[in-house]
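Engineer: Have a look; sequence and predicted model below, questions after that.
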Amino acid sequence: MKNIDVCLSPELLHQYDLNNKIVVVVDVLRATSCMVSGFANGVKEIVPVSTLEECKILQNEGYLAAAERNGSRAEGFDMGNSPFEYLEERVRGEKIAVTTTNGTMAINKSLEAKEILIGAFLNLGAITAYLKNKDEDIIVLCAGWKGKFNLEDSLFAGALCHLLKNDFEYACDAPLAAEAMYITAKKDIMTYMKDSSHAKRLAKLNVVKDIEFCVQESIYNVIPYLSGKSLITKS
């Protein structure tokens, strides 16, 4: 039977065989939530890059450039890492180059996979429905924080595992643990997450509204995926 696994940090990804696998990359706070929001708002294309220098080159080529480091917008770029920026009128029909502390690096570490999807609570239902019909094994890759485990991405992984448990076997204990966390938290994820390290980090930056937005489940029916070097959407 096909299986689903959870990689709790990109630093652990070398232990996983990505060949012929579908990787779902998640960075709830906030990169993948931004990407999902942008496509729901009509963004044409998003190019995820690992460095500020790569993002600047694309900015000079006419892309809107979104750059975040340590939770804040990097100097000299058009956008930061708030989903509300991706819901602005100016991004519709545009191409965006993006680099973030964790999320874009996780995407670029997954290139050996058969398919790379972008997951967030915001498109949880759409991702679940799509994966139910796939025959490949799945790895949910949590972007974490600078190589370390984080709570919010693991909660998403648990939610996806919980919704797919009748269709996929758990490959090891990581999906089981992630699911247990999600079941505990699902009635009030915002409260459960409030003491997490990244939620506290963002609260200090006065972006609590971003956190509240990003924990909403299944409000967008878009599935961003990597095609070549660009993210586009299946719907």
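Structural biologist: Great, that's in hand. Residues are numbered from 1 along each chain as shown.

Engineer: Which positions within the helix or strand where residue 53 lies qualify as buried?
Structural biologist: Assessed by DSSP states H and E, residue 53 sits inside helix 52-60. Using 16 or more other CB atoms under 10 Å as the test for burial, helix 52-60 gives 52, 54-56, 58-59. C-beta: built from backbone N, CA, C; applies to glycine.

Engineer: Looking at these, which is nearest residue 30?
Structural biologist: residue 55 (16.3 Å; CB to CB).

Engineer: Pull the least confident helix or strand in the chain by mean pLDDT out as CSV, backbone CA atoms only.
Structural biologist: Within the chain, no helix or strand scores below helix 197-204, which has a mean of 74 by mean pLDDT, DSSP states H and E. What follows is helix 197-204 as a C-alpha-only set of coordinates in CSV (Å, rounded to 0.1, in the frame of the first residue of the first chain):
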residue,chain,number,x,y,z
SER,A,197,8.7,29.9,19.2
HIS,A,198,7.8,31.3,15.8
ALA,A,199,4.5,32.7,16.9
LYS,A,200,6.2,34.5,19.6
ARG,A,201,8.8,35.8,17.2
LEU,A,202,6.2,37.1,14.8
ALA,A,203,4.2,38.6,17.7
LYS,A,204,7.2,40.7,18.6
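
Engineer: Run the chain-centre distance for stretch 51-58.
Structural biologist: 20 Å (CA atoms, centre = their mean, to the nearest Å).

Engineer: For that stretch, output the C-alpha coordinates as PDB.
Structural biologist: C-alpha atoms of stretch 51-58 as PDB (Å, rounded to 0.1, in the frame of the first residue of the first chain):
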ATOM      1  CA  THR A  51      19.400  33.600  -1.700                       C
ATOM      2  CA  LEU A  52      18.800  37.400  -1.600                       C
ATOM      3  CA  GLU A  53      21.200  37.700  -4.500                       C
ATOM      4  CA  GLU A  54      19.200  35.500  -6.800                       C
ATOM      5  CA  CYS A  55      16.000  37.300  -5.800                       C
ATOM      6  CA  LYS A  56      17.600  40.700  -6.600                       C
ATOM      7  CA  ILE A  57      18.700  39.500 -10.100                       C
ATOM      8  CA  LEU A  58      15.100  38.500 -10.800                       C
END
